[in-house]
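Asker: predicted model, plus sequence, below.
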Amino acid sequence: MAFQYLTNVPLQQAKEEYLQLLIKNGLQPEEETVPVQEACGRITSQAVYAHICAPHYHASAMDGIALKASKTFGAGETTPVHLAKEDYITVDTGDPLPEGCDAVIMIEDVIEEENGGVCLYAPAAPWQHIRQIGEDICAGEMILASHVKISPSAIGALIAGGVLEIPVIRRPRVAIIPTGDEIIPPTADPAPGDILEFNSSIFSAMLREWGADPVTFPIVPDDFDKIRQAVSDAAAQCDIVLLNAGSSAGREDYSKDVIAKLGGVLYHGIAIKPGKPAILGYIQNKPVLGVPGYPVSGIIVIEELLKPVIEYCCGLKFQRPQYVQAVLSRNVVSSLKYQEFLRVQTGRVNGRLVASPLNRGSGVVSSFMKADGMLEIPQGCEGCEAGEEVSIRLLRPLEDLEHTVIAIGSHDPLLDELANLLHLNYPELYMSSSHVGSMGGIMAVRRGETHLAGIHLLDEQDGTYNTSYIKKHFPNGGVRQVECVGRTQGLMLTRGNPLHIASIKDLAGENIRYVNRQKGSGTRILIDYLCRKENLDTSRIYGYDREEFTHTSVAAQIASGSADAGMGIYSAARLYDLDFLPICTEQYDLLIPDSAWELPAVQDLIRTMQTEEFRTRLEELGGYSLDQPGRVRQHF
């Protein structure tokens, strides 16, 4: 019989019932005392009261003279008061108020006389320019309430109030146990089959941000007894245990059985995607979570199911996520069985926020890094349609999104270089790019979903680039064709070209494996055209339907040995130390709608394209030529 998860419980129900069970079992925030100087960012476990007054003595608030105020009464412009040397005492700011004095006169208002006395043209009021005892804090006053974060300024107030140690909520220690026969510690040179263990680094950073102390245990192989021992040790040393991987349905997935053996399992299987295989377990009053091995699944499980537990253990409420309304750029289909979390890139285009879905793979951690927000599709919903207004949970500040240039279209590493230079030259600006191919970029401009699109579309009739496509899809104009670069396209080949590929025709040769770009990309249109020109039946090219979305991903497949050839740009081949057979120099332009052209951020981007820094960086990458980047070729 096929494996079935024990449960498919809705997320909100799982959150609530799990925390209730842990509290019932005895989970409580714990207290410790720390030196005040080390308490910044910690959470008070109880109210804190001043031990002494601040200031704890009457202090001069000015440089000047201290005296009895009554000695100055009657002083005026026409009736100055002359005081002998013994009538006052010179003081500096912070000095204790001398005995018998009740006022301080600023030195600027004092006229010294030759006999050592002073002349005053204005009377002093009793207690002027004096910091009286308890002016700031009085002994016995509450300085901080319970369960508040201690700020840098609070440190000063505590010390001023004579508080040198403070009771705080102890940071929960969270054990992270990575498991798996195939995972290895981080290295720059992994062997084939090795999987770099970076989940614990991601989880540790999240936990520190939430105020917990992560403790990463050594990698444990897929062995029931070894995993059980590791979990038992971790539960003895820490307050919470995360068992990473082994929560699914593989033959060596032991997490559920280990947790059940040592304690109990509330739920195995949450109705979320990604993150379905999560295990909510416990050993006595200590939470033990079985976290899926795929990084995106793990991140979502940690965020949704562990964060509320950390919140409770730390005695605080984290800032609630911010939601905004955005227009979805393309259709999204979802399963009725799960609540799905879909990463999106978001920016303001034509006065509205537009959300563009990113790669949905559970193992694609880079999509989480690039994401600006999260689209939460409810359980029981089949998905969302393009153009629909949806609610997006922000992962970046809204202010950043308001200053982000959106680029949707053809992939080229130069876009990353341009984004980097834009932010360096204009720190308030960002650039976000999605790689959907040249035709995808044209459609995004038509739908008003992007500020610009990279395009390189060959017209097979006359050999020109881009212009005929723009005229066809924008018959009423309203866009600009902006010069960017010329770039060398060709066949990227295995280093040394062991199969002696010398032309497009050779791609149909025996034992040659090809890797292609996706339909609609300019590179795919180019290779389709070249094959037709050579009367080459593409069905004879092994792997012609194998598609990748970027030049670098094609190069990576060839470098890994899973393909022998693929069409791409020279800079990608050079990056992966591949052989390269030049085919043509193509025209890579930016398509910019009139609605975006005058935006200050877009003009700053154009200026960045024209800098010597940009030119130098592209020369280093290789395979580019620049004439007049930023020049408008045509305004349609």
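Answerer: Structure received. Here the structure is a predicted model, which is why all the values come from computation and not from measurement.
Asker: can you give me the helices in the stretch 1-150 of the chain?
Answerer: With DSSP state H, counting those that start in this stretch as the criterion, the stretch 1-150 of the chain has helices at 11-24.
Asker: which residues does Ile408 bridge with?
Answerer: Per DSSP bridges, the residues bridged to Ile408 are Ser434.
Asker: what's near enough to touch it?
Answerer: Contacts for Ile408 (C-beta atoms under 8 Å, 6 or more residues apart in numbering) come out as 329, 356, 433-434, 436, 440-441, 444, 449-450, 453. C-beta: built from backbone N, CA, C; applies to glycine.
Asker: any low-confidence regions in the stretch 151-300 of the chain?
Answerer: For the stretch 151-300 of the chain, the stretches with pLDDT under 70 are 246-252.
Asker: can you give me the helices in it?
Answerer: 152-160, 199-210, 224-237, 255-262, 295-301.
Asker: any idea how far Lys85 is from the residue sitting furthest away from the middle of the chain?
Answerer: Going by C-alpha atoms, centre = their mean, the residue of the chain most distant from its centre is Asn115, 71.3 Å out. Distance, Asn115 to Lys85, using C-beta to C-beta, to the nearest Å: 8 Å.
Asker: repeat that for Asp372.
Answerer: Relative to Lys85, Asp372 is positioned 72 Å away (C-beta to C-beta).
Asker: phi first, then psi, for Arg42.
Answerer: phi -80, psi 170 (degrees, to the nearest 10).
Asker: the closest residue to it other than its chain neighbours bridge partners, please.
Answerer: Among residues not flanking Arg42 along the chain, Val168 sits closest, at 4.1 Å (C-beta to C-beta, 6 or more residues apart in numbering). As for beta bridges, Val168 partners with Glu32, Thr44 under DSSP bridges.
Asker: just give me the closest of the contacts of Ile408 to Asp564.
Answerer: Val436 (26.7 Å; C-beta to C-beta).
Asker: for the nearest residue to that closest one once chain neighbours are set aside, give its distance to Gly94.
Answerer: Nearest residue to Val436 in three dimensions, chain neighbours excluded: Ile408, at 5.9 Å (C-beta to C-beta, 6+ apart). To Gly94, Ile408 is 62 Å away according to C-beta to C-beta.
Asker: following the chain onward from the helix or strand of the chain with the lowest mean pLDDT, which element is next?
Answerer: Within the chain, no helix or strand scores below helix 365-370, which has a mean of 78 by mean pLDDT, DSSP states H and E. Heading C-terminal from helix 365-370, the first helix or strand you meet, by DSSP states H and E, is strand 373-377.
Asker: three-state assignment of Val554?
Answerer: Three-state assignment for Val554 (DSSP: H, G, I helix; E, B strand; the rest coil): helix.
Asker: run a quick neighbour tally on Asp189.
Answerer: By other C-beta atoms under 10 Å, the residues close to Asp189 number 5.
Asker: Pro427 now?
Answerer: By the criterion of other C-beta under 10 Å, Pro427 has 9 neighbours.
Asker: in contact with Ile227, which residues are there?
Answerer: 177, 179, 220, 243, 246, 254-255, 258.
Asker: centroid-nearest residue for the chain?
Answerer: Most central in the chain (C-alpha atoms, centre = their mean) works out to Met369, at 5.7 Å.
Asker: distance of it relative to Ile184?
Answerer: From Met369 across to Ile184, the span is 22 Å (C-beta to C-beta).
Asker: so where's this structure uncertain?
Answerer: Ranges of the chain meeting pLDDT under 70: 1-6, 246-252, 361-364.
Asker: now Gly298: closest residue in space, sequence neighbours ignored.
Answerer: Val291 (4.8 Å).
Asker: for that neighbour, list each beta-bridge partner.
Answerer: On the basis of DSSP bridges, Val291 is bridged to Asn244.
Asker: would you mind confirming that it makes contact with Leu243?
Answerer: Yes - using C-beta atoms under 8 Å, Val291 is in contact with Leu243, at 6.7 Å.
Asker: any shared contact partners between the two?
Answerer: Joint contacts of Val291 and Leu243 (C-beta under 8 Å, 6+ apart) do not exist.
Asker: any idea how far the closest residue to Lys85 other than its chain neighbours is from Ala84?
Answerer: Sequence neighbours aside, Gly116 is the residue nearest to Lys85 in space, at 4.3 Å (criterion: C-beta to C-beta, 6+ apart). Gly116 is 8 Å from Ala84, where distance means C-beta to C-beta.
Asker: who's more crowded, the two?
Answerer: Ala84 (12 against 9).
Asker: with adjacent residues omitted, what lies nearest to that one?
Answerer: Ala84 sits nearest to Gly117 (C-beta to C-beta, 6+ apart), 4.9 Å away.
Asker: confirm Tyr312 sits in a strand?
Answerer: No - using three-state DSSP, the assignment for Tyr312 is helix, not a strand.
Asker: distance check, it against Ile501.
Answerer: Tyr312 is 62 Å from Ile501, by C-beta to C-beta.
Asker: could you do Thr464 as well?
Answerer: Taken as C-beta to C-beta, the span from Thr464 to Ile501 is 28 Å.
Asker: of these two, which one has the most company?
Answerer: Using other C-beta under 10 Å as the criterion, Thr464 and Ile501 rank with Ile501 on top: 20 against 13.
Asker: check contacts around the more buried one.
Answerer: 491, 493, 507, 509, 512, 564-565, 581.
Asker: quick one, what contacts Cys484?
Answerer: 414, 454, 588-590, 609, 629.
Asker: ok, and the most crowded of the residues you listed?
Answerer: Leu590 (30 neighbours).
Asker: can you confirm that residue is in a helix?
Answerer: No - counting by three-state DSSP, Leu590 is not part of a helix but strand.
Asker: list the contacts for it?
Answerer: Shown in contact with Leu590 (C-beta under 8 Å, 6+ apart): 452-455, 481-484.
Asker: and Glu108, by the same measure?
Answerer: Applying C-beta under 8 Å, 6+ apart, the residues contacting Glu108 are Gly64.
Asker: not counting sequence-adjacent ones, nearest residue to Gly211?
Answerer: Cys314 (4.9 Å).
Asker: how about Asp400?
Answerer: That would be Tyr430: by C-beta to C-beta, 6+ apart, it lies 6.0 Å from Asp400.
Asker: any figure for the gap between the one you found and Pro413?
Answerer: Taking C-beta to C-beta, one finds Tyr430 at 18 Å from Pro413.
Asker: returning to that earlier point: state the distance from the residue nearest to Ala84 to Ile169.
Answerer: For Gly117 relative to Ile169 (C-beta to C-beta), the value is 61 Å.
Asker: the two - which one has more neighbours?
Answerer: Ile169 (21 against 15).
Asker: give the contact list for that one.
Answerer: 29-32, 42-45, 147, 313-315.
Asker: cool, and Leu243?
Answerer: Contacts of Leu243 (C-beta under 8 Å, 6+ apart): 177, 179, 227, 231, 255, 258-259, 279, 288-291.
Asker: now Ile606
Answerer: Applying C-beta under 8 Å, 6+ apart, the residues near Ile606 are 482, 630.
Asker: try 10 Å
Answerer: Shown in contact with Ile606 (C-beta atoms under 10 Å, 6 or more residues apart in numbering): 452, 482, 590, 592, 597, 629-632.
Asker: of the residues you listed, which belong to strands?
Answerer: Counted as lying in strands by DSSP state E, out of the contacts of Ile606, are 482, 590, 592, 632.
Asker: wait, the third one touches Ile442, no?
Answerer: No - Ile592 is beyond contact range of Ile442, at 12.0 Å (criterion: C-beta atoms under 10 Å).
Asker: looking at the two, which is more packed in?
Answerer: Taking neighbours as other C-beta under 10 Å, Ile592 and Ile442 compare with Ile442 leading, 27 against 24.
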